[in-house]
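*Asks:* Just to be clear, the model below is a prediction. Sequence and coordinates:
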Amino acid sequence: MASSATHGYTPQELMVVCAAREIRDGEVVFVGMRLPLIAFALAKRTHAPNATGLFENGLVRDTPSRELLLTMGDAPNILGAEWANRTGALMGLLAQGCANLGFVGGAEVDRFGNLNTSYIGSREHPAVKLPGSGGGADIASLSHRLAIIMAHDKKRFPEHVSYITSPGYGDGGDWRQRVGLPRGGPSAVITTLAVLGFADGTHEMILRTWHPGSSAEAVRANTGWDLHIAPDARETQPPTPDELRIIRECDPDGFWTR
Amino acid sequence: MSVKLLTMSEAIARYVPDGSSVAIGLALEPLIPFAAGHEIIRQGKRDLTLIGPISDVLFDELIGAGCVTRVIAAWVGNVSEGLGYNYRRATERGLPHPLTVEDHSNYSIALALQAAALGVPYIPMRSLLGSDIARDHPRIRLAPSPFDGTPTLLVPALRPDVAIIHVQRADAEGRAHVWGGLGVCEEAALGAQGVIYTAEEIVPSEVILSDPNRVLAPAMKTLAVVHAPGGAHPSPVQGYYNRDHAAYAEYHEQSRTPEGFAAWLHNWVLAQPDLTAYLAHLGAERWRSLAAREKHLAAPVDYGY
């Protein structure tokens, strides 16, 4: 795993930069908890100044909050919001198709981008009871594109998750259309080792870039199925000094990024 | 106009019986009625069903204290720190006793409460199609739309016995102003059988009636109003105090084991007879450090004619 000493940035900082790169200027982004909060702020301050953020407690923001957020309900997220209303109304925007991109974290992700944040092991007798969906399953169901952010190891990347909290591409192909989901599906998985995407047609996860200090072989070794590598796969572009400066201004104590 | 002002202990004793379903922590991370929750624990309430989207550590506290047999929620844990240890012990090992979990997403629980508020049997949605939340839910049902045959999930109405909502201000007649992200406060206030408000300030009716657009629900839904300044600590209240991040870190550390949680519970809940004692125990300096540092007043609204 890339270390701060070797590369001058942490894995989390690189993940924030990769997440920010998923945001196109002018897009409406469903911002999740943790690293996506910083990715949104970074994107707003660099290449996506016109992006709009949706937060599931009922907020829409067109400016980043003045201070680091530990939760979306922190007071700095409410001051200066463009709209403060009900979760139901906010989710209605998502359901209509207003969110171009959504971020979710996962405990487990599988070959077709299905996420488990509910139960490790069986639901009746879980080995670990995870917190649950929050808004994640809604974001995965209803946003046009989904970016998944999580740590990368073999236990977290099983071929099939034992419980689908947030639907990805199911068992592949046109599964989403068949179950009736109106749009969307994962477009990126941003991890501590790599950035992965999903192949056209099969919608199976594929490796797009491996991080500096990692390798295609290391990523495959930490994935619980025979992970395919995109033909143009290469090393992830590292953060620029400017991006790191902004991240460190946003999170000066490194609560999320160190 | 009836006066509904009660003390916290009266309100909880009267309106939160054993076995009832309690919607609490409805604005997600802010405005969580921790003081009400702690009074529920002190009164030894049992067999409760907790309803809330993301209620941060309050659900974990109530579960660990043995008050809860069922949770209906989208997310249970410690938002800034990670997993909820009492939630895990209850669901994984049945400690202090087994817990039934009805999993939701934020949208599905909002719609369930909204259906009750709208007086309809269900509201359809397309979220969660293909999710095991929908597959395993005891009451959410898959059905084709009668208009075009496409798959929809029908979310049946969820009507809590009582909703407990922390607000910035309320009058003694039971009308509250609340501001910030509202979460599912409005749906719950309208859909529940009745509402208990815990308020930073009790104000004259003229203040509340000066801005009816900001009133969460009409007084006819209100069971009780409790004056509870600081009653959401450690969660934030816009205009009053910020989130006490350290308190969540401390709780995460101390609740890791059942013994640690028992010590935390004694220290912060059982040994503190009421909210005033709790805040004194917190200490004036720490409490002052959380106070809002700037005023940001909204533009006045003129209802005159």
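*Replies:* Received the coordinates, thanks. As the structure is a computational prediction, the values presented were derived from the model and not from experiment. Numbering: from 1, shown residues only, chains lettered A, B, ... in the order given.
*Asks:* Below-threshold pLDDT in the stretch 1-150 of chain B: ranges please.
*Replies:* In the predicted model, the stretch 1-150 of chain B carries pLDDT under 70 at residues B:1.
*Asks:* Whatever residue of it ends up closest to chain A and residue A:172, how far apart?
*Replies:* Proximity of the stretch 1-150 of chain B to chain A (C-beta to the nearest C-beta) peaks at residue B:29, 3.0 Å away. In short, each C-beta sits where N, CA and C put it, glycine included. Per C-beta to C-beta, to the nearest Å, residue B:29 is found 36 Å from residue A:172.
*Asks:* Tell me which helix or strand residue 92 sits in.
*Replies:* No chain was given, so I picked chain A. helix A:87-96 (DSSP states H and E).
*Asks:* Oops, wrong one, chain B.
*Replies:* Per DSSP H and E: helix B:85-93 holds residue B:92.
*Asks:* buried stuff in the next helix or strand after that helix?
*Replies:* Scanning forward in sequence from helix B:85-93 by DSSP H and E, the next helix or strand is strand B:100-103. For strand B:100-103, a neighbour-count test (16 or more other C-beta atoms under 10 Å in any protein chain shown) marks B:101, B:102, B:103 as buried.
*Asks:* so what's the backbone phi/psi at residue A:218?
*Replies:* For residue A:218, the backbone dihedrals are phi -60, psi -40 (criterion: degrees, to the nearest 10).
*Asks:* check contacts around it.
*Replies:* A:193, A:210 (C-beta atoms under 8 Å, 6 or more residues apart in numbering or on different chains).
*Asks:* Report the separation between it and chain B.
*Replies:* In this view, residue A:218 and chain B are 26 Å apart by C-beta to the nearest C-beta, to the nearest Å.
*Asks:* per-residue pLDDT, residue A:6?
*Replies:* For residue A:6, the pLDDT comes out at 63.
*Asks:* hmm, back to that, would you mind telling me which of residue B:29 and residue A:172 has more residues around it?
*Replies:* residue B:29 (26 against 16; other C-beta atoms under 10 Å in any protein chain shown).
*Asks:* where along the stretch 1-150 of chain B do the strands fall?
*Replies:* Taking DSSP state E, counting those that start in this stretch as the test, the strands found in the stretch 1-150 of chain B are B:21-24, B:48-54, B:68-75, B:100-103, B:122-125, B:141-144.
*Asks:* what would these look like in TSV with distance to residue B:178?
*Replies:* Below are the strands of the stretch 1-150 of chain B laid out as TSV (distance: least, C-beta to C-beta, whole Å):
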stretch	distance to residue B:178
strand B:21-24	14
strand B:48-54	16
strand B:68-75	20
strand B:100-103	26
strand B:122-125	23
strand B:141-144	33
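*Asks:* List of residues touching the helix holding residue B:92?
*Replies:* A:125-129, A:131, B:59-61, B:63-64, B:68, B:71, B:76-77, B:95-99, B:101, B:252, B:255-258, B:261.
*Asks:* Centre of the chain to the helix or strand that the helix holding residue A:92 is followed by, how far?
*Replies:* Using DSSP H and E, the helix or strand that follows helix A:87-96 in sequence is strand A:101-105. Mean-position distance between strand A:101-105 and its chain equals 4 Å (C-alpha atoms, centre = their mean, to the nearest Å).
*Asks:* Direction included, what does the next helix-or-strand element following strand A:101-105 pair against?
*Replies:* For strand A:101-105, the following helix or strand on the C-terminal side (DSSP H and E) is strand A:108-109. Strand A:108-109 pairs in its sheet with strand A:115-116 (antiparallel), by DSSP bridges.
*Asks:* tell me the pLDDT at the residue nearest to residue B:221 when sequence neighbours are not counted?
*Replies:* Excluding the flanking residues, the one nearest residue B:221 by C-beta to C-beta, 6 or more residues apart in numbering or on different chains is residue B:195, at 5.1 Å. Residue B:195 carries a pLDDT value of 98.
*Asks:* returning to what we had before: and the helix holding residue A:92, what's buried?
*Replies:* Buried residues in helix A:87-96 (16+ other C-beta under 10 Å): A:87, A:88, A:90, A:91, A:92, A:93, A:94, A:95.
*Asks:* what do you get for stretch B:75-87?
*Replies:* Quick answer for stretch B:75-87 (16+ other C-beta under 10 Å): B:75, B:76, B:77, B:78, B:79, B:80, B:81, B:83, B:84, B:85, B:86, B:87.
*Asks:* near chain A, which residues of the stretch 201-305 of chain B show up?
*Replies:* B:235, B:236, B:238, B:242, B:243, B:245, B:292, B:296 (C-beta under 8 Å from any C-beta of the partner chain).
*Asks:* How many neighbouring residues does residue 165 have?
*Replies:* Went with chain A since none was named. Neighbours of residue A:165 (other C-beta under 10 Å): 29.
*Asks:* not quite, I wanted chain B
*Replies:* 31.
*Asks:* ok so it is a strand residue?
*Replies:* Yes. The assignment for residue B:165 is a strand, going by DSSP: H, G, I helix; E, B strand; the rest coil.
*Asks:* correct me, but it touches residue B:187?
*Replies:* No. Applying C-beta atoms under 8 Å, one finds residue B:165 not in contact with residue B:187, separated by 11.2 Å.
*Asks:* the helices in chain B, which residues?
*Replies:* B:8-15, B:34-42, B:57-64, B:85-93, B:106-118, B:132-136, B:185-191, B:205-209, B:245-254, B:258-265, B:275-282, B:284-290 (DSSP state H).
*Asks:* Looking at these, which is nearest to residue B:229?
*Replies:* Of all those, it is helix B:275-282 that lies closest to residue B:229, at 7.8 Å by C-beta to C-beta.
*Asks:* What separation do you get for the residue of the stretch 51-200 of chain B found nearest chain A and residue B:9?
*Replies:* Closest approach of the stretch 51-200 of chain B to chain A (C-beta to the nearest C-beta) occurs at residue B:151, with a separation of 3.1 Å. Relative to residue B:9, residue B:151 is positioned 49 Å away (C-beta to C-beta).
*Asks:* which residue sits closest to the single nearest residue of the stretch 1-150 of chain A relative to chain B, ignoring its sequence neighbours?
*Replies:* Nearest to chain B, among the residues of the stretch 1-150 of chain A, is residue A:73, at 3.0 Å (C-beta to the nearest C-beta). Using C-beta to C-beta, 6+ apart and skipping residues adjacent in sequence, the residue nearest residue A:73 is residue B:29, 3.0 Å away.
*Asks:* Residue A:75 is in contact with that neighbour, correct?
*Replies:* No. Using C-beta under 8 Å, residue B:29 makes no contact with residue A:75, being 10.3 Å away.
*Asks:* Report how many residues lie close to residue B:203.
*Replies:* Quick note: residue B:203 (other C-beta under 10 Å) scores 18 neighbours.
*Asks:* So in terms of bridging, what pairs with residue 52?
*Replies:* Just so you know, I chose chain A. residue A:28.
*Asks:* actually it's chain B I care about, not the one you picked
*Replies:* Those that pair with residue B:52 in a beta bridge, by DSSP bridges, are residue B:73.
*Asks:* show me the contacts for it.
*Replies:* B:23, B:24, B:25, B:26, B:58, B:59, B:72, B:73, B:109, B:184 are the contacts of residue B:52 under C-beta under 8 Å, 6+ apart.
*Asks:* Give me the neighbour count for residue B:286.
*Replies:* 14.
*Asks:* per-residue pLDDT, it?
*Replies:* Reported pLDDT for residue B:286: 98.
*Asks:* Now do the contacts for it.
*Replies:* Counted by C-beta under 8 Å, 6+ apart, residue B:286 has contacts residue B:244.
*Asks:* Any figure for the gap between it and chain A?
*Replies:* 17 Å.
*Asks:* same deal with residue B:284?
*Replies:* For residue B:284, the distance to chain A - C-beta to the nearest C-beta - is 21 Å.
*Asks:* what residues does stretch B:129-141 touch?
*Replies:* A:118, A:123, A:133, A:137, A:141, A:163-167, A:170, A:175-176, A:179-181, B:102-105, B:108, B:122, B:128, B:142, B:151, B:153-156.
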